[in-house]
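Trainee: No sequence on hand, only this structure:
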């Protein structure tokens, strides 16, 4: 008998990883464990995300990681570990800089040299190479013991080789030899400086998420005046929010009226007016009036907690392009060591002295450090997703970035996406009939439906009658028995007979951009209910921004063709597809894909979920349903359609940044290694160039923090 176990996901924080090769080694080890189906290790975040069955406990994963020489720490210890590492790097660099400076001056400026100066330089450099550079040597020994190599191996080998060669020249007294003590010291000092700046930059790249995590209210004041920690709130509790205070958790306003500044969570700069019955998001700021709010979601279920979780997951994922980098990094260090050996032998074989041969080989080792290559992708994703979180845009993973680049058509759902999604009955046209009676009948039937149009019709009548034999016909309307009569409410196709005057009333409403709903007793339509859904003020501007990005925009709706065309013209859509049944939306996306289009679908409702999944890129409006959000690749927290253009623009900018990082990292190594092998670059210049390449990748990625919203 086979026992099936559900897969679960564990996230671990790994301390001690210093480069991409470290992350690759941890990842390879985890994927070799039984019952582990996937493992992703991100050097930028220091996180290992492992998918495994319940047969594998956390202690098994921890043991596997610690066997490699790394340490698994609690999430709360992560900041402390980074603080310790930052202080340690700073101290080692300061010592290295203080001791390397006189060693370098004595070695490079002959007038400063005195009898026995070489021994002083040796003493100074020994402290730098073997104390300041101890982390590199420790990591190299650990890696060799496990049969692998990393960037630390190159640094350790290069600085140690420089010291050993110099020691032999000094002690044996080789006449043609040159000492390179200061070279080893400079290598260690420059790389420590680069590591320090790199760590500082990586910590800055996570500032956006840390800022989100810290904006929540610390306390909540209950109705009776009692003040409690916000994490003690439970669903159903009511609390008071005074002007200027943050809302303690997600809830519904039960009393009061105010405007809410939700910019920190949604990226929407315009305050939102709220009153009784309106939902509010935890951590947003109450601008003026006093509110009483009933808690609806607490703890990990709040909007803010889910945003932080989604962004954290996204920062731990890998773009497709990173897979190539991982394969290259796995063989790069051994290849670099082999190149250094070949360089040494080639110089010696061509009759050059050992001094020049050794110098070229050490330069190859130093210049080949693939630090920039390892940082190029994860750091770009980390900064880009962090900036997205500040703008109210949640990018669910690295692969989404590449999907975004290929998109050429954006399909917009109408209701709740392009429009406000709050339908209101504006008129009842009943040629020759009793409009108030027909409205009352229609409202009674529609009260059983959950459709936004149904809610508008239902709310328009204060009196509802008893309904029997209710039947919902998706895409057509609803039918039910009221006071012994069959009442139909919906599209004209629901009726066998639509009088000309009723059809003309519907035509006039649709020409004005309204939605016409037919109502009648039995198979004959007797009246038209005119329902309006106002177009969002931002929709036309959003479509213009999408056009500026080179995208074609299609409006997709279940509304009639005339209303859909009016809305499409108002927002500037290129194409309008109307009268599409909910179950056929995904098929329409598939049809566009069959024409060779790369499609992004933007929606907010449950009926949009299949289309969001079918699309090459699914974008959910965060004011919509949880189902739609889960089915999407990108989530716009606010209901502002302009944020969709922000999301696509940021995704494209992030991918372009990553590709720029990778290009310069590859180009740097491809150009510099031959120069080092041919003796053009000496080890000190090579160390400086290696550090600069990493700083370029870091600074280029951090430019994403300046991405501007169109809102």
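Mentor: Perfect, thanks for sending it. Nothing here was measured: the structure is a model prediction, and the numbers come from that model. Residues are numbered from 1 along each chain as shown.
Trainee: so residue 42 makes contact with residue 380?
Mentor: No: with contacts counted by CB atoms under 8 Å, residue 42 stays clear of residue 380, the gap being 11.8 Å. No exception for glycine: its C-beta is placed from N, CA and C like everyone else's.
Trainee: Which residue is the nearest non-sequential neighbour of residue 498?
Mentor: Nearest-residue entry for residue 498: residue 525, 4.5 Å, with adjacent residues in sequence omitted and distances by CB to CB, 6 or more residues apart in numbering.
Trainee: what's the next secondary structure element after the least confident helix or strand in the chain by mean pLDDT?
Mentor: The weakest-scoring helix or strand in the chain, judged by mean pLDDT, DSSP states H and E, is helix 626-631 (a mean of 51). Going down the chain from helix 626-631, the next helix or strand is strand 634-636, by DSSP states H and E.
Trainee: so what does that next one touch, helix or strand wise?
Mentor: Counting contacts by 3 or more CB pairs under 8 Å, 6 or more residues apart in numbering; DSSP states H and E, strand 634-636 packs against strand 393-395, strand 617-621, helix 642-677.
Trainee: Which one's more surrounded, residue 42 and residue 380?
Mentor: Taking other CB atoms under 10 Å, residue 42 and residue 380 do not tie; residue 380 has more neighbours (31 against 25).
Trainee: Could you pull up the residues touching that one?
Mentor: 654, 657-658, 661, 701, 704 (CB atoms under 8 Å, 6 or more residues apart in numbering).
Trainee: Check residue 530 too.
Mentor: Taking CB under 8 Å, 6+ apart, we find residue 530 in contact with 425-429, 509, 514-517.
Trainee: before we move on, what about residue 185?
Mentor: Counting by CB under 8 Å, 6+ apart, residue 185 has contacts 96, 99-100, 103-104, 124-125, 128-129, 159.
Trainee: can you pick the most crowded of those?
Mentor: Counting neighbours by other CB under 10 Å, residue 159 leads those with 32 neighbours.
Trainee: Ramachandran coordinates for that residue?
Mentor: phi -70, psi -40 (degrees, to the nearest 10).
Trainee: quick one: low-confidence parts of the stretch 1-150 of the chain?
Mentor: Within the stretch 1-150 of the chain, the stretches with pLDDT under 70 are 1-6, 19-20, 44, 75-78.
Trainee: Could you rerun that using 90?
Mentor: By pLDDT under 90, the low-scoring segments of the stretch 1-150 of the chain are 1-29, 31-60, 62-86, 104, 107-111, 113, 115-116, 136, 138-150.
Trainee: likewise the stretch 201-350 of the chain?
Mentor: Scanning the stretch 201-350 of the chain for pLDDT under 90 picks out 201-219, 223-226, 229-232, 242-246, 256-290, 297-341, 344.
Trainee: At which residues are the helices of it located?
Mentor: 207-214, 263-266, 303-315, 320-349 (DSSP state H, counting those that start in this stretch).
Trainee: ditto for the stretch 401-550 of the chain
Mentor: 435-446, 452-459, 500-511, 539-548.
Trainee: Which of the ones you listed sits closest to residue 405?
Mentor: helix 539-548 (14.7 Å; CB to CB).
Trainee: Show me which residues of the closest one are buried.
Mentor: Under the neighbour-count criterion of 16 or more other CB atoms under 10 Å, helix 539-548 has 539-543, 545-547 buried.
Trainee: roughly how far is it from the heart of the chain?
Mentor: 23 Å (CA atoms, centre = their mean, to the nearest Å).
Trainee: residues making contact with it?
Mentor: Applying CB under 8 Å, 6+ apart, the external contacts of helix 539-548 come out as 410, 412, 418-419, 553, 570-573, 640-642, 644-645, 648-649, 710.
Trainee: Go again with 10 Å.
Mentor: By CB atoms under 10 Å, 6 or more residues apart in numbering, the surrounding residues in contact with helix 539-548 are 407, 409-410, 412, 414, 417-420, 536, 538, 551-553, 555, 567-568, 570-574, 600, 602, 640-646, 648-649, 710-711.
Trainee: State the mean pLDDT of it.
Mentor: For helix 539-548, mean pLDDT is 93.
Trainee: That one versus helix 642-677: what angle between them?
Mentor: Helix 539-548 runs at 30 degrees relative to helix 642-677, counting by axes from the mean of the first three to the mean of the last three CA atoms, to 10 degrees.
Trainee: so who does the closest residue to residue 280 other than its chain neighbours touch?
Mentor: Of all residues not flanking residue 280 in the chain, residue 247 sits nearest, at 5.3 Å (CB to CB, 6+ apart). Contact analysis of residue 247 by CB under 10 Å, 6+ apart lists 216-217, 220, 230, 239, 241, 253, 260, 262, 274, 280-286, 291, 293, 295.
Trainee: Please apply the same query to residue 127.
Mentor: 95-96, 98-100, 103, 133, 185.
Trainee: Relative to residue 679, which of these is nearest.
Mentor: For these, the nearest to residue 679 is residue 185 (21.2 Å; CB to CB).
Trainee: Double-check that that closest one belongs to a helix.
Mentor: Yes: counting by DSSP: H, G, I helix; E, B strand; the rest coil, one finds residue 185 located in a helix.
Trainee: For residue 116, see how far away it is.
Mentor: 18 Å (CB to CB, to the nearest Å).
Trainee: quick one: the host helix or strand of residue 24 to chain centroid distance?
Mentor: Of the helices and strands defined by DSSP H and E, residue 24 is found in helix 20-31. Relative to its chain's centre, helix 20-31 lies at 22 Å (CA atoms, centre = their mean).
Trainee: residues of the helix or strand following it that come out buried?
Mentor: Note on helix 20-31: by DSSP H and E, the next helix or strand toward the C-terminus is strand 36-42. Of the residues in strand 36-42, 36, 39-42 count as buried by neighbour count, 16+ other CB under 10 Å.
Trainee: will you turn these into JSON lines that also has distance to residue 618?
Mentor: Below are those laid out as JSON lines (distance: CB to CB, whole Å):
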{"residue": "36", "distance to residue 618": "28"}
{"residue": "39", "distance to residue 618": "26"}
{"residue": "40", "distance to residue 618": "21"}
{"residue": "41", "distance to residue 618": "27"}
{"residue": "42", "distance to residue 618": "24"}
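Trainee: closest to residue 439 among those residues?
Mentor: Residue 439 lies nearest to residue 40 out of the buried residues of strand 36-42, by CB to CB, at 57.2 Å.
Trainee: For that closest one, which non-adjacent residue is closest in space?
Mentor: Per CB to CB, 6+ apart, closest to residue 40 is residue 49, 4.8 Å.
Trainee: next one: residue 649
Mentor: Spatial nearest neighbour of residue 649, chain neighbours left out: residue 549 (6.4 Å); criterion: CB to CB, 6+ apart.
Trainee: And for the one you found, the neighbour number?
Mentor: Neighbour count of residue 549, defined by other CB under 10 Å: 12.
Trainee: Okay, it and residue 644: tell me how far apart.
Mentor: 10 Å.
Trainee: With residue 601 instead?
Mentor: Applying CB to CB to residue 601 and residue 644 gives a distance of 11 Å.
Trainee: which stretches of the stretch 451-600 of the chain form strands?
Mentor: Shown for the stretch 451-600 of the chain, the strands assigned by DSSP state E, counting those that start in this stretch span residues 467-473, 477-482, 485-490, 515-521, 527-532, 552-556, 575-577, 599-603.
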